[in-house]
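Undergrad: I'll drop the sequence and a predicted model, then ask my questions.
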Amino acid sequence: MNIDPTTLRHLLRLPCTIAVVGLSADLSRPSFEVSQTMQAHGYRIVPVNPRYAEKGEKILGETCYASLHDIPFAVDIVNVFRRTEDVLPVAREAVQIGAKCLWQQIGVENREADQLARAAGLDSVMNRCIKIEHARLANTTR
């Protein structure tokens, strides 16, 4: 299901906290580049990656959490950089923590997770890059 530009503009209004599931500290990974760009535009980025969390590492200067449930504050968007088959449990967590949106990055399109999120009242975006959408809508998101 396509999401309309008006909803995208609403989702990308500041202030906005984006939990990035699968965020890597590797500067060459798309998750890092996208998150770094969004952070530079004023979005609060919250890394979610158990591999870094267990070591107490930070990514982009932010504490890394093992799961969405570990984040001690509200999250607006859950941005997923995981394989399509790994998204459903993330969608369940996004619903449980009261996120406003489940966002599956380009190449990620789990329809069951999309349906679960929508049924719970979340907005849901599939197979789109948040950085690209932000740039496309930049003049009208704030």
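TA: It's in.
Undergrad: what about dumping the CA coordinates of stretch 62-74 to PDB?
TA: Extracted C-alpha coordinates of stretch 62-74, given in PDB (Å, rounded to 0.1, in the frame of the first residue of the first chain):
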ATOM      1  CA  GLU A  62      24.000   8.000  20.900                       C
ATOM      2  CA  THR A  63      23.500   5.100  23.300                       C
ATOM      3  CA  CYS A  64      22.800   1.800  21.500                       C
ATOM      4  CA  TYR A  65      20.000  -0.300  22.700                       C
ATOM      5  CA  ALA A  66      19.500  -4.100  22.300                       C
ATOM      6  CA  SER A  67      15.800  -3.800  21.500                       C
ATOM      7  CA  LEU A  68      13.000  -1.300  21.200                       C
ATOM      8  CA  HIS A  69      11.800  -2.300  24.600                       C
ATOM      9  CA  ASP A  70      15.000  -1.100  26.200                       C
ATOM     10  CA  ILE A  71      14.600   2.500  25.000                       C
ATOM     11  CA  PRO A  72      13.400   4.500  28.100                       C
ATOM     12  CA  PHE A  73      11.700   7.300  26.100                       C
ATOM     13  CA  ALA A  74       9.100   7.700  23.400                       C
END
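Undergrad: Can you tell me the SS state at the most centrally placed residue in the chain?
TA: Centrality entry for the chain: nearest residue to the mean C-alpha point is residue 79, 1.4 Å, by C-alpha atoms, centre = their mean. At residue 79 the chain is in strand, as set by DSSP: H, G, I helix; E, B strand; the rest coil.
Undergrad: My read is that it contacts residue 130, right?
TA: Yes: assessed by C-beta atoms under 8 Å, residue 79 is found in contact with residue 130 at 5.5 Å. Placement of C-beta: from N, CA and C, glycine included.
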